[in-house]
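A.B. asks: got a predicted structure here, sequence first:
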Amino acid sequence: MITRTSHRLHHDPSRVIAKPYLPGEEIFTDTGTRAGLLMARILALPEDEVARVLGDTLDGFAGRHRGFEALLERHFALVAHRVPDTALSRERRLLIGAYFTNEYSVEGAALFNPSLVPAPDQTGLDPGDIRFVMSLRAVGEGHISSIEFRTGVVDYTSRVTFDPLGPCLVTGDRAPPSGYDKASFRAKLLELDAGNEVAWAITDPLAERFTLAELDGRLSAFEREGAPHAIAYETVKIIRVLAASSYVTSFPADSALSERVIFPAGPHETHGMEDARFVRFVEDDGEVTYYATYTAFDGFEIMPQLIQTNDFASFRVSTLSGPAAQNKGMALFPRRIHGKYVMLSRRDRENLHLATSTDVRQWAEVTELHRPSRSWELLQIGNCGSPLETDEGWLVVTHGVGPMRRYVLGALLLDLDDPRRVVGQLREPLLGPEGPEREGYVPNVVYSCGSMLNGRDLVLPYGMSDGAVGIAVVSVPDLLTALRANH
């Protein structure tokens, strides 16, 4: 029923990005901050030394990054306020930018937990071929998770071929969203325990759809009014953080998808963007949108987030709200059912739930779907990506945790018309960690964030013990037979 392929994707420490580096802001007696001291030292360098050091830097790093000199100019702009009002040569500006830049290996520690979807562009293929996009969780220094991509083709026999990787990774340009929905924004404030008179005084005058500039104007006006500090300070802080958690990140049109890295940018994701579950969503009128749910982590708390894109070049990131949008592992169905969005949820960390909504970002209606019942899933159960539509029902790949915290993959079958009904379940695991798959940063784990149907096969990418990625091919007819037989 299931065949492991020979594919292995391993983490590659040479895949680096260049990100701003700001030394600590500790203050030294009578001398200022570390950043200020560094700036003074750079400004004191003679011009010939500036030229020599910059030349060495360009020779050593320009080939590792797209538009390296323009990048250094942008990083200089971040610290330009520390420069006295004197004219600087272009070389000195670039060198300052270099001192305030560091390379970061996005997959220096691990590469795992993939999801797989058909790509937006399916032109120029042989009959029966499907071009795919694979998302991956990459982990680097400080255990910070970001989202990477691979592309390739699955042929009619389910043979998988990956495209060559682009030479340089790029991060996107971040911008605020075009607007915020007031009802969703206020609902999230309630969840964050910030639904108080201060929050309502700030947001009441705003339109039902407002911009970041309009929100900043209200916050400034409120602060000028001199509200009670003890109440206002924390509320205003939470409002600003919530607003900053929604953003748009866009990539250069001439970059390959495998070069693009969605690196944490929001305040709730300073320690990572975990386990993105991408889905190709088709509206009732045929319009296609790609969504992904992921878990934002700030080192202390998690926040469920949503990515939306049409082209994998521009990504809109926003916060999910509502009683069903709690904990990890939300996965959106690929179409509406009876006019509503439907989402798998694990709001209590142990059991599968089903949520429905008329708004893809607000989730209030939720019912329990399935409790762990097999020995290999008694600790907890969750989904391994969005459900897949078959003639016999919604196929849900699951993960279950059993003795010794061993993660295995299973499957459920849900009724097509009423996905609250479980109509099939595997008696034994579909896939478990075997041999070398058991060894890694987190041993004894197989895990997936989304698979793809290819004719009569299921192409199932999976992470192996948080250390690498493999691919398995599953016979869908055999799987459906096993699901029906064991229910």
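C.D. replies: Happy to help now that I have it. The structure presented is a predicted model; accordingly, all values stated were derived computationally and were not measured.
A.B. asks: please count neighbours and contacts with C-alpha atoms only from this point.
C.D. replies: Noted.
A.B. asks: please enumerate the helices of this structure.
C.D. replies: If you assign secondary structure with DSSP state H, the helices in the chain sit at 34-44, 47-61, 68-79, 90-99, 182-191, 197-203, 212-224, 229-244, 476-485.
A.B. asks: most packed of these?
C.D. replies: helix 90-99 (a mean of 22; mean count of other CA atoms under 10 Å).
A.B. asks: which residues does the closest residue in space to L409 that isn't next to it in sequence form beta bridges with?
C.D. replies: Counting by CA to CA, 6 or more residues apart in numbering, the nearest residue to L409 once its immediate chain neighbours are dropped is H399, at 4.4 Å. On the basis of DSSP bridges, H399 takes part in beta bridges with G382, L409.
A.B. asks: sorry, back to before: nearest to D284, out of the helices of the chain?
C.D. replies: Ranking the helices of the chain by proximity to D284 (CA to CA) places helix 182-191 first, at 23.6 Å.
A.B. asks: in this structure V408 contacts E434, no?
C.D. replies: No: with contact defined as CA atoms under 8 Å, V408 does not count as touching E434 (10.3 Å).
A.B. asks: which one's more surrounded, those two?
C.D. replies: Ranked by neighbour count (other CA atoms under 10 Å), V408 and E434 place V408 first, with 24 against 12.
A.B. asks: distance of that one relative to L136?
C.D. replies: Distance, V408 to L136, using CA to CA, to the nearest Å: 19 Å.
A.B. asks: what's the separation between E197 and Y156?
C.D. replies: For E197 relative to Y156 (CA to CA), the value is 60 Å.
A.B. asks: returning to that earlier point: which of the helices of the chain has the lowest mean pLDDT?
C.D. replies: Among the helices of the chain, helix 229-244 carries the lowest mean pLDDT, a mean of 87.
A.B. asks: list the helices and strands that helix packs on?
C.D. replies: Packed against helix 229-244, as judged by 3 or more CA pairs under 8 Å, 6 or more residues apart in numbering; DSSP states H and E, are the following elements: helix 182-191, helix 197-203.
A.B. asks: distance to D275 for those helices - can I get that in TSV?
C.D. replies: Written out in TSV, the entries for those read as follows (distance: least, CA to CA, whole Å):
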stretch	distance to D275
helix 182-191	22
helix 197-203	32
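A.B. asks: figure out which of the ones you listed is closest to F315.
C.D. replies: Nearest to F315, of all those, is helix 182-191, at 19.4 Å by CA to CA.
A.B. asks: which other residues reach the closest one?
C.D. replies: With contacts defined as CA atoms under 8 Å, 6 or more residues apart in numbering, helix 182-191 is touched by 195, 199, 203, 206-210, 238-239, 242, 320-322, 361-362.
A.B. asks: hang on, the earlier thing: quick one, which of the helices and strands packed on helix 229-244 is nearest to A80?
C.D. replies: For the helices and strands packed on helix 229-244, distance to A80 was read as CA to CA. The smallest value, 33.1 Å, belongs to helix 197-203.
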